[in-house]
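1. could you look at this predicted model? Sequence included:
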Amino acid sequence: MKYAISLHFASLIYSLSCGVGVVCFGSVLFDIAVTVSNEIHGKTEIVTSLKRHVPLTWHFPTKNLASKIDEIDWARKLTLDSLRLNASGDNSDDDAECRRRHLRRLKYDGDLLSKTDMNLIRTLTAMKLITLLCLLYTLLARVDSAGSPPLFACNPSDPDTKSYAFCNPQLPINQRAEDIVIRLSLDEKVAQLTNSAPPIPRLGVPAYEWWSESLHGVSRHGRGFRFNATVDANGTFHYGTVDVTAATMFPQIILTASSFDRQLWYRIARAIGTEARAMYNVGQGKGLTFWAPNLNIFRDPRWGRGQETPGEDPYLTSAYGVFYVRGLQGYTFRGTKSSEHLQTSACCKHFTAHDLDNWHGMTRYMFDAKVTKQDMADTFQPPFESCVKQGHASSIMCAYNRVNGIPSCAHYDFLTGTAREQWHFDGYIVSDCNAVPIIYQQQGYAKTPEDAVAAVLNAGMDVECGSYTPKYSKSALVQSKITEQQIDRALKNLFSVRMRLGLFDGDPRNDISFGKIGPSQVCSDDHQNLALEAARNSIVLLKNADNLLPLPKNSASSFAVIGPNANSLEVLLGNYEGFPCKTMTILEAVQSCMKGVNVSYHPGCDSVECSSAHIEEVVAIVKEVDYVILVMGLDQTQEREKLDREDLVLPGEQQRLISSVAEASKRPVVLVVLCGGPVDISLARDNEKVGGILWTGYPGEAGPLALADVIFGDHNPGANDRYENEIKQIFRLSRADIPVLPRQTVFTFGYGLSYSTYSYKFASVSRDKLSLEMTFYTNQLQNNSNIHRTIMVSNLRAKVCEKVKLSVAVRVKNNGAMAGRHPVLLFVGHGVQDDETPMKQLAGFESVNLNGGETREIEFIVSPCEHFSKANKDGMMTIHE
């Protein structure tokens, strides 16, 4: 028998990268001591945190040491108990005397312990003393880390602060922003026009990073936050001991949107903003500006980033954007300010008509979206308009692509004419990363680098994610292609947002609203429970033939979990992820629910790509069990940023694996599909041996538990699809523009089942006739030679639109025995239809909790100016009489 002293290689590599050798070395020694002491006592369970580490191990030959130590109680005391005392910081005189007594006694027991054994015990004794010192140093380092200050300007300890008007919180922000810009030299000004803004030491202004990500949790992507480092005033991260090493990872947006629950979206965003502030307050962030949400319409199902969006419906996407932004920025649910400062800054992206990354040689950098004025007004602009006007977003990101020939970031009508002048946007406009150089280098829209910089600044962009703008701004200024006033305008917008975040009011930890947020609010029980609730309420039940689901929790039954996504952690998070607080695979969740029950497992394929399926091995397992759960679908190797899909079918031989397992199974199988974009599962839908289908998107860190709750009946599913699942024949079409694609659907928008059944009835409508009290503007539409009159919404006064709103009450009943949360969707159909307008459109939705047998009325407020209108060919919103 050998006892292993293990130096955990993963920890060592980490310590080398962080450059804090003593601190990290202490943790390595502590790992060694615990591992050895556990093994000495014959325990086979190694400390959980070390299970995934790859050890570099030295072996000491101690053939009979275990039995000898069991015989000698004082040796036992020497190892485990002393280590425990030292690890806890208890190093009393009694313990020291005990150690001396034990060591003296070793001299008289040489016949019992070999020299090798004694050397090992002496080694352990020395190690535990060194460990104590290192642990104490580590604790001191952690205390210091907890006090690492966040970045901020206007330090009251700086005597110059009082002389700076930009440091006076009593002044209006626009006046403060103007004051700091006036003080800057031209070199200092242009240096600020990048996402990684350098410090301005002479004014006490620290570095700032505009690029952070928070799509469905504080992300490891972007440059603003680190889970293993703190930042200094120059913007340099120092790697070492930190307070926050993980953040709550909520479901990917395409899944969360299926809940049709505004309150849920708001609460998730509020939690993300809270965790971001907590990290910033302990010095783990360089900025508080986050580039989310993604509000692009997911029209083309091949798009690899559709997973980031709420789906294909403009109304739903608009609502999601509003409540995400309000939550992230710290507003109330109703959109009023809860503080004089923003909690964080949200960014509506990618403005606009953007749903292609890389397909058949066409990239997002070269894509020119051909969009009609009608489609722009009906489809692509509403989410951004709502994000700005109702969500009060403090940032907009312009996209890579061109729209009708003009680069989005050089589009004056979009950035200035629409966003700032029509929507009254108050914030900063940022480019997507390196979107400025492509205007010259790839799109050829600009003839020189200076022309590219001039185009974006003239259009209204304020800051570039990249370094092109600061590099060529001075030469563009010398060539009279831009003015210094345009640079000043951009800087005022930038500094204004930093001031709104409270970063020019002294230490933000003194802020009454957000200053006391700390690490205890990251990965908190409340946020963990919210992640579980979000996944539970978003999973969509697509098929449940003969009430196969929920499956029984029967110890006499046996189960098999099959599929390439069944035992994967990575697939759960989707893209723009961070480091989750907790990890569990779907297989582990099923096993945890079925303790004492035989649960067999086979991946079925070597990967999600499934170039070859292990049909015979899987079939042999399936034939021996009572219930089969197939966990199939996509992952980030199939769809992601810079990777669009070729078709909508399941990858490789996944479909053949499903069919073979279903055929061999004793009972109909349950199919779980993980994916962001839609897949064609019509064969499974029509297969009688596939009894249940659940779509789980990318469900986040709590997704496996939520899925197990649904499968075994601890939660009643009630979510609805937000996009229509298309069949694969769609892909004969080109992607030269953004057309409305003809579709045959597998499941329609809003489809979803439950373990209960629900019935609906219109209870009341406040009026059945509307009078808009204005002159009618007519538009001839050929319909049996009749002339239909249309009303231009722009000609209606706001008071008229408010006055004609009506209330619609819908009575909903849960006809089943099981309580459930159920989304109720209200659609409006248009009496006049042509080829370029929607047949019906979503006008309202509410998610309601109903006990078994319970009935409740839901009120929808319908605004004819919004819900009855549609765009004409000129992009003007009209109401048909």
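-> Great, that's in hand. Model, not experiment: these values are computed from the prediction.

2. distance of residue 804 from residue 790?
-> Going from residue 804 to residue 790 by CB to CB, to the nearest Å gives 16 Å. C-beta: built from backbone N, CA, C; applies to glycine.

3. element containing residue 453, please.
-> Residue 453 belongs to helix 449-459 when assigned by DSSP states H and E.

4. so which elements touch that helix?
-> On a contact count with 3 or more CB pairs under 8 Å, 6 or more residues apart in numbering; DSSP states H and E, helix 449-459 meets helix 435-441, helix 468-478, helix 484-500.

5. send me the following helix or strand past the longest one as PDB with only the CA atoms.
-> This means helix 484-500. Moving toward the C-terminus from helix 484-500, the next helix or strand (DSSP H and E) is helix 525-536. Extracted in PDB, the C-alpha atoms of helix 525-536 (Å, rounded to 0.1, in the frame of the first residue of the first chain):
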ATOM      1  CA  ASP A 525     -29.400  31.400  -2.000                       C
ATOM      2  CA  ASP A 526     -31.900  33.900  -3.400                       C
ATOM      3  CA  HIS A 527     -30.100  34.000  -6.800                       C
ATOM      4  CA  GLN A 528     -29.600  30.200  -6.900                       C
ATOM      5  CA  ASN A 529     -33.300  29.700  -6.300                       C
ATOM      6  CA  LEU A 530     -34.100  32.300  -9.000                       C
ATOM      7  CA  ALA A 531     -31.900  30.400 -11.500                       C
ATOM      8  CA  LEU A 532     -33.800  27.200 -10.600                       C
ATOM      9  CA  GLU A 533     -37.200  29.000 -10.900                       C
ATOM     10  CA  ALA A 534     -36.200  30.500 -14.300                       C
ATOM     11  CA  ALA A 535     -35.200  27.200 -15.700                       C
ATOM     12  CA  ARG A 536     -38.300  25.400 -14.400                       C
END
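
6. quick one: list the elements packing against helix 525-536.
-> helix 262-281, helix 703-711.

7. may I see the buried residues of it?
-> 527, 528, 530, 531, 532, 533, 534, 535, 536 (16 or more other CB atoms under 10 Å).

8. identify the farthest-apart pair in these.
-> Greatest spatial distance among the buried residues of helix 525-536 (CB to CB): 527 and 536, at 14.9 Å.

9. now the most centrally placed residue in the chain: how far from residue 496?
-> Closest to where the C-alpha atoms of the chain average out (CA atoms, centre = their mean) is residue 216, at 1.8 Å. Taking CB to CB as the measure, residue 216 falls 28 Å from residue 496.

10. against residue 267, how distant is the closest residue to the residue nearest to the centre of the chain other than its chain neighbours?
-> The shortest distance from residue 216 to any non-neighbouring residue, by CB to CB, 6 or more residues apart in numbering, is to residue 250 (4.5 Å). Distance, residue 250 to residue 267, by CB to CB: 10 Å.

11. dump the helices and strands packed on helix 449-459 into TSV; add distance to residue 354 and mean pLDDT as well.
-> Below are the helices and strands packed on helix 449-459 laid out as TSV (distance: least, CB to CB, whole Å; pLDDT from 0 to 100):
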stretch	distance to residue 354	mean pLDDT
helix 435-441	11	98
helix 468-478	20	98
helix 484-500	22	98
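
12. so for residue 869, what's the pLDDT?
-> We have a pLDDT of 89 for residue 869.

13. please disregard the earlier target; I meant residue 637.
-> On the pLDDT scale, residue 637 gets 98.

14. next: residue 139.
-> pLDDT, residue 139: 45.

15. swap in residue 89?
-> On the pLDDT scale, residue 89 is placed at 39.

16. can you give me the neighbour number for residue 352?
-> Residue 352: 27 surrounding residues under other CB atoms under 10 Å.

17. doesn't residue 399 make contact with it?
-> Yes: between residue 352 and residue 399 there is a contact at 6.5 Å, judged by CB atoms under 8 Å.

18. overlap in contacts, those two.
-> Any residue near both residue 352 and residue 399 by CB atoms under 8 Å, 6 or more residues apart in numbering counts here, and that gives residue 408.

19. any regions of the protein where pLDDT drops low?
-> Along the chain, segments meeting pLDDT under 70 span 1-147, 722-743, 772-788, 831-836, 881.

20. isn't residue 491 right up against residue 186?
-> No: taking contacts as CB under 8 Å, residue 491 lies outside contact range of residue 186: 11.3 Å.

21. neighbour count: those two, which is higher?
-> Between residue 491 and residue 186, counting by other CB under 10 Å, residue 491 is the more crowded of the two (24 against 12).

22. quickly note the distance from the closest residue to that one other than its chain neighbours to residue 494.
-> Closest residue to residue 491 apart from its sequence neighbours, by CB to CB, 6+ apart: residue 181 at 4.8 Å. Distance of residue 181 to residue 494, given as CB to CB: 9 Å.

23. hmm, back to that, let me see the contact set for the residue nearest to the centre of the chain.
-> 249, 250, 251, 252, 253, 256, 268, 272, 574, 576, 577, 700.

24. so which of the residues you listed sit within helices?
-> Judged by DSSP state H, the contacts of residue 216 include 253, 256, 268, 272 as members of helices.

25. my guess is the first one contacts residue 306. True?
-> Looking back up the chat, that one is residue 253. No: applying CB under 8 Å as the test, residue 253 and residue 306 come out as separate, 9.6 Å apart.

26. more crowded one of those two?
-> Neighbour count, other CB under 10 Å: between residue 253 and residue 306, residue 253 has more, with 32 against 28.

27. how about the contacts made by that one?
-> By CB under 8 Å, 6+ apart, the residues touching residue 253 are 215, 216, 293, 294, 307, 308, 309, 310, 320.

28. ok, now with 6 Å
-> Listed by CB atoms under 6 Å, 6 or more residues apart in numbering, the contact set of residue 253 reads 308, 310.

29. residue 672 now?
-> So residue 672 contacts 631, 694, 696 (CB under 6 Å, 6+ apart).

30. now do 7 Å
-> Contact analysis of residue 672 by CB atoms under 7 Å, 6 or more residues apart in numbering lists 629, 630, 631, 694, 696, 707.

31. so of those, which ones are in helices?
-> Per DSSP H, helices hold the following members of these: residue 707.

32. and the contacts of residue 672, which is closest to residue 796?
-> Once CB to CB is applied, the member of these that ends up nearest residue 796 is residue 696, at 44.1 Å.

33. go ahead and confirm the closest one touches residue 539.
-> Yes: using CB atoms under 7 Å, residue 696 is in contact with residue 539, at 5.2 Å.

34. any shared contact partners between these two?
-> Both residue 696 and residue 539 are in contact with residue 707, where contact means CB under 7 Å, 6+ apart.

35. what about residue 250 and residue 267, which has more around it?
-> Neighbour count, other CB under 10 Å: between residue 250 and residue 267, residue 250 has more, with 33 against 20.

36. okay but that one is in contact with residue 270, surely?
-> No: between residue 250 and residue 270 there is no contact, the gap being 11.5 Å when judged by CB under 7 Å.

37. can you count the residues close to residue 572?
-> Look at residue 572: counted by other CB under 10 Å, it has 29 neighbours.

38. show me what contacts it?
-> So residue 572 contacts 698, 699, 700, 701, 703, 704 (CB under 7 Å, 6+ apart).

39. distance of it from residue 439?
-> 38 Å.

40. can you check residue 500 too?
-> 30 Å.

41. and the two? Which one has more around it.
-> With neighbours defined as other CB under 10 Å, residue 500 and residue 439 compare such that residue 439 has more, 27 against 20.

42. got the contact list for the more buried one?
-> Contacts of residue 439 by CB under 7 Å, 6+ apart are 407, 410, 445, 446, 452, 455.
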